[in-house]
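K.L.:
got a predicted structure plus its sequence, pasted below:
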Amino acid sequence: MRRVDHPRFIAAVQRIEDGIDAAWQRFCADSGVHQGTPEERELAEVVLQDTSEFEWRVVDGALKQLTCPECGSGLGAGPTGCTSCDRANGYRFAAREVDRPDVPAGNEHAIRVASAVARTRHRYSPRARAGYELLLPDLLDGVLPTTPQAQRAKHLINQLTDDELEQLITPADLPAR
């Protein structure tokens, strides 16, 4: 079974999507904007004018409201090389991150990066996908690997073929070499 077909991964991505949708819905409500209206699209465009003013889930929610004028994909989710999507994908990384209570500092950053990779996996290399996707469910549960743990995982990932990488389900599946 491929990692992306495993319930562990599917549930983690769904948690992220639900969190992004909830953040966007709250933001729209707080802004007095009804969903499904032209004003919602305008609000999304305003958010993207300066993403550093907003929490990353709101920025990702704004991206989900817009379509790329070049490739027709969701803005920021199109193929690499699409200028508009490449630029928009970068917007999400300027947004604010606030760590949740009772998690290690940096956990929210790791969630944001891992979720961006998992949600637009075609934009990233097999090695990047494996590393971030393996950790995403644990990150959502408040775990954050130490630097030596992350370096060890990267070392092991770098020794595997693309096909082997897709078969990894949890960090424990990495072969000890």
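P.N.:
Alright, I've got the coordinates.

K.L.:
could you measure from residue 8 over to residue 36?
P.N.:
In this view, residue 8 and residue 36 are 33 Å apart by Cβ to Cβ, to the nearest Å. Where C-beta positions appear, they are placed from N, C-alpha and C, glycine not excepted.

K.L.:
higher neighbour count, these two?
P.N.:
residue 8 (14 against 10; other Cβ atoms under 10 Å).

K.L.:
A helix includes the more buried one, no?
P.N.:
Yes - with DSSP: H, G, I helix; E, B strand; the rest coil as the criterion, residue 8 is located in a helix.

K.L.:
all the helices of this structure, residue numbers only.
P.N.:
7-30, 38-49, 56-65, 83-91, 107-119, 126-140, 147-157, 162-167 (DSSP state H).

K.L.:
pick the most buried one from the ones you listed.
P.N.:
Comparing the helices of the chain by mean neighbour count (mean count of other Cβ atoms under 10 Å), helix 56-65 comes out on top with a mean of 25.

K.L.:
mind giving me the packing neighbours of that helix?
P.N.:
Helices and strands touching helix 56-65, by 3 or more Cβ pairs under 8 Å, 6 or more residues apart in numbering; DSSP states H and E, are helix 7-30, helix 38-49, helix 83-91, helix 107-119.

K.L.:
could you redo those as CSV and give each row mean pLDDT and distance to residue 61?
P.N.:
As requested, the helices and strands packed on helix 56-65 are exported to CSV (pLDDT from 0 to 100; distance: least, Cβ to Cβ, whole Å):
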stretch, mean pLDDT, distance to residue 61
helix 7-30, 98, 3
helix 38-49, 98, 8
helix 83-91, 95, 12
helix 107-119, 96, 12
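
K.L.:
can you put these in JSON lines and add distance to residue 138?
P.N.:
Converted to JSON lines, those look like this (distance: least, Cβ to Cβ, whole Å):
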{"stretch": "helix 7-30", "distance to residue 138": "9"}
{"stretch": "helix 38-49", "distance to residue 138": "29"}
{"stretch": "helix 83-91", "distance to residue 138": "24"}
{"stretch": "helix 107-119", "distance to residue 138": "10"}
